[in-house]
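**Q** sequence and computational prediction follow.
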Amino acid sequence: MELSPARRDGVIEAVKRYSSMVYRLAYARTRNHADAEDIYQEVFLKLARADISLEDQEHVKAWLLRVTVNCSVNLFRSAWRRHVQTVEALPERASPWDGDDRYEALNRALDILPARYRAVIHLYYYEEMSVDEISAVLNTKPATIRSRLARGRERLKRELTQNKEANPNA
């Protein structure tokens, strides 16, 4: 596929500007680096092939987020994925409070959350998106996003509190 110089420059600019955002969201959805890299590559290939204007950066950002979410969903729906257990899933989960690193503890606690809560929490806190922006990206009502945020926060708090009580020295 041959891109025009202007289109190529637009895609390169989008990769430079949004690559970390796309990867972080893909990883937040999959919790697996290899899957996140596959999704990252697929998203930017779709951008290169897509017939969208690259002039409006907010539109490009929203498009990339939506495609990242869709690619993540497609990965989990694939027949291969339903019949394969990843290496990360084999060992029993460690307590989120093992070790001293609070960041790692939070990430492990986020791993326990269902994907619908994890994605909303990621977009809200890590990508600093508003409820309305998340609603548009996930094609879900704002009230549903607010509910998922509240429920996700509550489940995260419960998980962290339970594990902190089980391991008070951490």
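**A** Received the coordinates, thanks.
**Q** run through who's touching stretch 31-46.
**A** 11, 14-15, 19, 22-23, 26-27, 29-30, 64, 67-68, 71-72, 75, 86, 88, 111, 118 (Cβ atoms under 8 Å, 6 or more residues apart in numbering). Placement of C-beta: from N, CA and C, glycine included.
**Q** which residues touch the residue most central in space within the chain?
**A** Residue closest to the average C-alpha location in the chain (Cα atoms, centre = their mean): L25, at 2.5 Å. Counting by Cβ under 8 Å, 6+ apart, L25 touches L65, T68, V69, S72, A119, H122, L123, E127.
**Q** could you identify which of those has the most neighbours?
**A** Within the contacts of L25, neighbour counts (other Cβ atoms under 10 Å) peak at T68, which reaches 28 neighbours.
**Q** element containing that one?
**A** helix 57-77 (DSSP states H and E).
**Q** by contact count, what packs against that helix?
**A** Helices and strands touching helix 57-77, by 3 or more Cβ pairs under 8 Å, 6 or more residues apart in numbering; DSSP states H and E, are helix 5-30, helix 33-49, helix 115-121, helix 131-138.
**Q** let's see 6 Å
**A** helix 5-30, helix 33-49 (3 or more Cβ pairs under 6 Å, 6 or more residues apart in numbering; DSSP states H and E).
**Q** now it: buried residues?
**A** V60, K61, W63, L64, L65, V67, T68, V69, N70, C71, S72, L75 (16 or more other Cβ atoms under 10 Å).
**Q** okay, those residues in CSV with pLDDT and distance to A150 next?
**A** Output for the buried residues of helix 57-77, formatted as CSV (pLDDT from 0 to 100; distance: Cβ to Cβ, whole Å):
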residue, pLDDT, distance to A150
V60, 92, 30
K61, 92, 25
W63, 93, 28
L64, 94, 27
L65, 91, 22
V67, 94, 27
T68, 93, 24
V69, 90, 20
N70, 90, 25
C71, 91, 27
S72, 87, 23
L75, 82, 27
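**Q** so after the helix or strand bottoming out on mean pLDDT in the chain, what's the next helix or strand?
**A** Sorting the helices and strands of the chain by mean pLDDT, DSSP states H and E puts helix 79-83 at the bottom, at a mean of 51. Following helix 79-83 in sequence order, the next helix or strand is helix 102-112 (DSSP H and E).
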